[in-house]
Every structure is written in C-alpha cells, then in structure tokens.
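Asker: Give me coordinates for this.
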Amino acid sequence: MKILVCISNVPDTTTKITFTNDNTEFNTAGVQYIVNPYDEIALSRAIELTEGGKGTVTVINVGEAGNDPTIRKALAIGADDAVRVNAAPRDAYFVSKQIAEYAKDKDFDIILTGRESIDYNGNQVAAMVGEFLDIPSISIIKKLDFDGATATIEREIEGGKEVVTVSGKFIASCAEGVAEPKIPNMRGIMSARTKPLAVVDAVSIEEVTKVAKYETPAPRGAVKLVPAEETEELINLLHSEAKVI
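Answerer: Below is the predicted model of the structure:
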C-alpha cells in the first residue's frame, strides 16, 4: 500500500498576523512555521495504516527551500520519504495541480490531506486533486479504515453520521478524530536527517486568482457588564448600542 500525504507549512498558532506591500502579502518576518495540524492528523493515520510493513508513506509539500525543516518534521513523525515541489504556493488551484501532476503516475492507493490549512481555511485542495486525477474525493472525514481493497469512511452530517465505502484509489481530507497526532521521538528525529527528500520542478499553469488585499479583524471593543437584575438596561443597550434587536 502506498499513501501520499499532502502537508502545508503554516504559521504557528501563536503568530501575530501582519501584512506588507500595501496589505497584499503576509509578513513572514520572525514567524515560526509548523506542519499544518490537520495535516498531522492525516499523516498520523497514514502511518497507522502502514505499520508493520504494510506499506509506505510519502509526504508532499508545495513550497520553497525554507519549508524543508517542516518537511523534516513530518519525516521525523514517521513518513518514509518526502517530495517538495519547488514553487511558492500561490493558491489552492496551483497547489492542487502540482500535487496531481506529481501523483498521476506514482500509483498511490490513498492520498490524504488535512481538512484545511489553518492559515487560509480554504478546504479546497482535496477536492481539486480528486478532480485533476479523476478519483473519488471524500471531504472532512472523521474515521478511516482500510482492508487493502476497500476503505470504510465516516463523516459527520447534521443530526448523525454518514458511512461511505470506497474501492480503488481515492483522496480524503481528515478532521479531528481520524487519529491522534504523533510526537516525534529522538530516533525519528535522527533518522529524518537521512530520509529522502526529493525536490521537483513545478509545472507551469495559468494564474487564476490573485490577492487584492488582506484585512485584519477590527479590534475588539470594550466589554460592558450589566448586573443581572437590570434587564431593562440590558435590553436598551442591545437595542441602542449593539443594534442586535
């Protein structure tokens, strides 16, 4: 069994977000990057499915050389090898096309992604890769079992859950519950230094989107505390200031 796991290089969750170049570019100065947490879940499940010599796990990232430490962390967690498509990930369409171009002749049985990246929260890549490769795509899964031929997948839906079976190659985006993220141990960290990390050139595709401008949320206003017994005052404030009633 061969599994490909798509990973993103994202700012640490504690990062203070600012922009440059007239608010059209993310300010990377002083930013610490990590493996996208949802991608870590996907990677952990891939490692579980291939334990005991049942298969191999390859991770792929679309990015420039500065992403290599993040990729090495994925190798330390337990991936067997890695590929970096040498290009800035300008949008989801571009990233998806690069992944599909790499995977199309590699005979991967399963491709996994996180449900979304925590920087753009797009939830687009898995579906686009599935379309490019003409394989089934299952979004935001909560459980994944595979018997070597058929995958049984659970998704949350309003009021319950949906169970899907898939035979043959497929791609799925993983959410919380699919697996517990793994912490690399010292042996994994040491072995990651010598595991293969191939760098391939990006394919040229048209630019279909362009960032016009980023904006940060408005600062939070002051909090007003209203005593529980002053219901009339609360209603007045909700009506005259908050304007929600």
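
Asker: Mind jotting down where the helices sit in this structure?
Answerer: Using DSSP state H, the helices of the chain run over 37-50, 68-77, 92-103, 125-133, 186-192, 231-240.

Asker: which one of these is the most hemmed in?
Answerer: Counting by mean count of other C-beta atoms under 10 Å, helix 37-50 has the highest mean neighbour count of these, with a mean of 24. Every C-beta, even on glycine, is put in place using the N, C-alpha and C of the backbone.

Asker: And the contacts of that one?
Answerer: Helix 37-50 is contacted from outside by 1, 3, 5-8, 13, 35, 55-57, 59, 74, 77-79, 110, 112-118, 144, 146, 173-176, 178-182, using C-beta atoms under 8 Å, 6 or more residues apart in numbering.

Asker: what about the longest strand seen in the chain, distance to the chain center?
Answerer: Of all the elements of type strand in the chain, the one with the most residues (DSSP state E) is strand 137-146. Chain-centre distance of strand 137-146: 14 Å, with C-alpha atoms, centre = their mean, to the nearest Å.

Asker: Repeat that for stretch 178-195.
Answerer: Counting by C-alpha atoms, centre = their mean, stretch 178-195 comes out at 18 Å from the chain centroid.

Asker: Using PDB, list the CA coordinates for that stretch.
Answerer: C-alpha atoms of stretch 178-195 as PDB (Å, rounded to 0.1, in the frame of the first residue of the first chain):
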ATOM      1  CA  VAL A 178      -9.200  10.300  12.400                       C
ATOM      2  CA  ALA A 179      -6.000   9.800  14.500                       C
ATOM      3  CA  GLU A 180      -4.100  11.400  17.400                       C
ATOM      4  CA  PRO A 181      -1.200  13.500  16.200                       C
ATOM      5  CA  LYS A 182       2.100  11.700  16.800                       C
ATOM      6  CA  ILE A 183       5.000  13.400  18.600                       C
ATOM      7  CA  PRO A 184       8.400  12.600  17.000                       C
ATOM      8  CA  ASN A 185      10.800  10.700  19.300                       C
ATOM      9  CA  MET A 186      14.600  11.000  19.300                       C
ATOM     10  CA  ARG A 187      15.100   8.100  17.000                       C
ATOM     11  CA  GLY A 188      12.600   9.600  14.500                       C
ATOM     12  CA  ILE A 189      14.300  13.000  14.600                       C
ATOM     13  CA  MET A 190      17.700  11.400  14.000                       C
ATOM     14  CA  SER A 191      16.500   9.200  11.100                       C
ATOM     15  CA  ALA A 192      14.700  12.100   9.500                       C
ATOM     16  CA  ARG A 193      18.000  13.700   8.600                       C
ATOM     17  CA  THR A 194      18.900  10.900   6.200                       C
ATOM     18  CA  LYS A 195      15.400  10.100   4.800                       C
END
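
Asker: on contacts alone, who are the packing partners of the lowest-mean-pLDDT helix or strand in the chain?
Answerer: The weakest-scoring helix or strand in the chain, judged by mean pLDDT, DSSP states H and E, is strand 25-26 (a mean of 88). On a contact count with 3 or more C-beta pairs under 8 Å, 6 or more residues apart in numbering; DSSP states H and E, strand 25-26 meets strand 19-20.

Asker: just checking, what packs against the strand it packs on?
Answerer: Packed next to strand 19-20, using 3+ C-beta pairs under 8 Å, 6+ apart, are strand 25-26.
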